[in-house]
Every structure is written in structure tokens, then in C-alpha cells.
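Sequence plus predicted model, see below.
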Amino acid sequence: MKAFGFMILTALFLLGFSAHAAQIREYEKGYEIDELRVVMTGNSSRVIVRECDSCPDVTLRITQATRVFKGEQEIPLQHLIRYRGQAGVVFQDHQTDEVTRIRIY
């Protein structure tokens, strides 16, 4: 009887865990880039990405909250233009068109 009770409790735990795991939320969308395409002007900065080679360009906004990394080292946002043309990953806030971070390889 104890073994049966243990099996019931285990099944209920696993069902509860799988229901909880089904509620995964995506916070960022990543774009792998072969060549960083960035436009930085006085009031607006943008990065141009695409999901695939034949997909249309997507323009994302760079904000003061955007963080930039060269490898593991964080670099100032205003130095981003120096890395134009390099490969990396651009991460977008899933609910907006804002770039959360850029990692340059």
C-alpha cells in the first residue's frame, strides 16, 4: 500500500512539474550575424539583421540600455561602430524592436 501511495505522489509531482515547465516564456530573440550592420547617428542608432539569407532585413533600435560585448569584455556603446562588419549575435527584446545586447566574436 505504501508503494502504491508513493507511485501516486510521484505521478502527481511529475504532472505538476510538466505543467509548470510548459509555461516557458521567451524574453529575447537572437540573430546570428556574419557581418554587423549598424547605423549610429546623433539621436538614433540601429542595427540591421535578418533571420535567413533570403529573409527581408529587420531594423532594430539600439538604446542606451543596450549592452555590447567583444568576446567576454563589455565595451562602451559608442565604440560599437568600430566593429562594423564583424560576426556575432544580436539579441532583441522579444516584445519590442529594441536591442538588449550585442555579442561580437
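The structure has been received and is ready for your questions.

contacts and neighbour counts: CA atoms only from here.
Noted.

Before we move on, what's the pLDDT of residue 34?
At residue 34, the pLDDT value in this model is 94.

Count residues in the vicinity of it, would you?
14 (other C-alpha atoms under 10 Å).

Just give the nearest non-adjacent residue to it, would you?
residue 87 (4.3 Å; C-alpha to C-alpha, 6 or more residues apart in numbering).

just how off-centre is the biggest strand by length in the chain within its chain?
When the chain is parsed with DSSP state E, its longest strand is strand 58-70. How far strand 58-70 lies from its chain's middle: 11 Å, per C-alpha atoms, centre = their mean, to the nearest Å.

Isn't the residue nearest to residue 34 up against residue 33?
Yes - if you go by C-alpha atoms under 8 Å, residue 87 and residue 33 touch, sitting 5.5 Å apart.

Neighbour count: those two, which is higher?
residue 33 (20 against 16).

follow-up on the earlier one: partner strands of the helix or strand just after the longest strand of the chain, with direction?
Where DSSP states H and E defines the elements, the next helix or strand beyond strand 58-70 is strand 73-75. Using DSSP bridges, the strands paired with strand 73-75 are strand 58-70 (antiparallel).

Next SSE downstream of the least confident helix or strand in the chain by mean pLDDT?
Within the chain, no helix or strand scores below helix 2-21, which has a mean of 55 by mean pLDDT, DSSP states H and E. Once the chain leaves helix 2-21, the next helix or strand it forms, by DSSP H and E, is strand 28-33.

can you list the residues that contact that next one?
49-51, 87-94, 100 (C-alpha atoms under 8 Å, 6 or more residues apart in numbering).

quick one: strands adjacent to it?
Going by DSSP bridges, the partners of strand 28-33 are strand 88-93 (antiparallel).

Quick one: buried ones out of the contacts of strand 28-33?
In the contacts of strand 28-33, burial by neighbour count holds for 49, 87-93, 100, counting by 16 or more other C-alpha atoms under 10 Å.
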